[in-house]
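Q: predicted structure and sequence below. I'll ask about it afterward.
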Amino acid sequence: AVTLLHLVTSHFPGFRDHAVYKGRQVFLYKRAQIFCGDVYGALGRAWPPAAFSDIQAITMFADYRVPVVLQTLGILKYAPALQDKVVSHQQLCPGSEEEVEIRAATVVAVERLRDALQATRGRAVAAVTLDWWLWEVGEAKRNDPSQPPLHRTLTVFY
């Protein structure tokens, strides 16, 4: 998975999802990781090269849907000023501190959820699998008016 991720990001600029956050470069690679996850999910059982032994190295796919699910589960909470912007449907600039914080906090939250599941179930759960499940939960409730709004960012990366 990591080899494919590097190949995709080195040859396709549209997959190089990164930002500078407080002077440090942050790599999120949402589209590249989802590509690796999709190859793994669609072909991993039938085609040995797609049965990535390192799928655990891929994080969740940081976008707009999973943060909402994590909020409803009480796992993720925005600072009041950021919450006000999201609720009022203000655009967050791609690569802005707020946008990167939402996406990075989502990755960290899913990693912690993954660790907790591993500790309680005694077996590893891939972040890819958690992402698929969380995204499906969010999609099932996308038209539910009781759900928090998505953050809005106009970007090619997700």
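A: Structure's in. What do you need?

Q: report the mean confidence score over stretch 64-76.
A: Taken as a whole, stretch 64-76 has a mean pLDDT of 97.

Q: which element, helix or strand, includes residue 20?
A: For residue 20, the host element (DSSP states H and E) is strand 18-21.

Q: ok, residues contacting that strand?
A: Contacts to strand 18-21, defined as C-beta atoms under 8 Å, 6 or more residues apart in numbering, come from residues 25, 26, 27, 28, 29, 94, 95, 97, 99, 100, 101, 104. Backbone N, C-alpha and C define where each C-beta goes, glycine included.

Q: the last one: how many residues sit nearby?
A: Yep, that's residue 104 we're talking about. 16 (other C-beta atoms under 10 Å).

Q: cool, the fifth one as well?
A: Look at residue 29: counted by other C-beta under 10 Å, it has 22 neighbours.

Q: list the contacts of it.
A: The contact partners of residue 29, by C-beta under 8 Å, 6+ apart, come to 5, 9, 15, 16, 17, 18.

Q: and the biggest helix by length in the chain, what does it pack against?
A: When secondary structure is assigned using DSSP state H, the longest helix within the chain turns out to be helix 97-121. Secondary structure elements in contact with helix 97-121, counted by 3 or more C-beta pairs under 8 Å, 6 or more residues apart in numbering; DSSP states H and E, are strand 18-21, helix 65-72, helix 80-87, helix 127-140.

Q: between all of the contacts of residue 29, which two are separated the most?
A: 5 and 18 (12.7 Å; C-beta to C-beta).

Q: of those two, which one has the most company?
A: Residue environment comparison for residue 5 versus residue 18 gives the larger neighbour count to residue 5, 20 against 14, counting by other C-beta under 10 Å.

Q: got a list of what that one touches?
A: 29, 32, 33, 36, 58.

Q: please flag which of those residues sit within helices.
A: Using DSSP H, the members of those that fall within helices are 32, 33, 36.

Q: could I get the residues you listed as JSON lines with neighbour count?
A: Compiled in JSON lines, the ones in helices among the contacts of residue 5 are given as follows (neighbours: other C-beta atoms under 10 Å):
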{"residue": "32", "neighbour count": "25"}
{"residue": "33", "neighbour count": "28"}
{"residue": "36", "neighbour count": "26"}
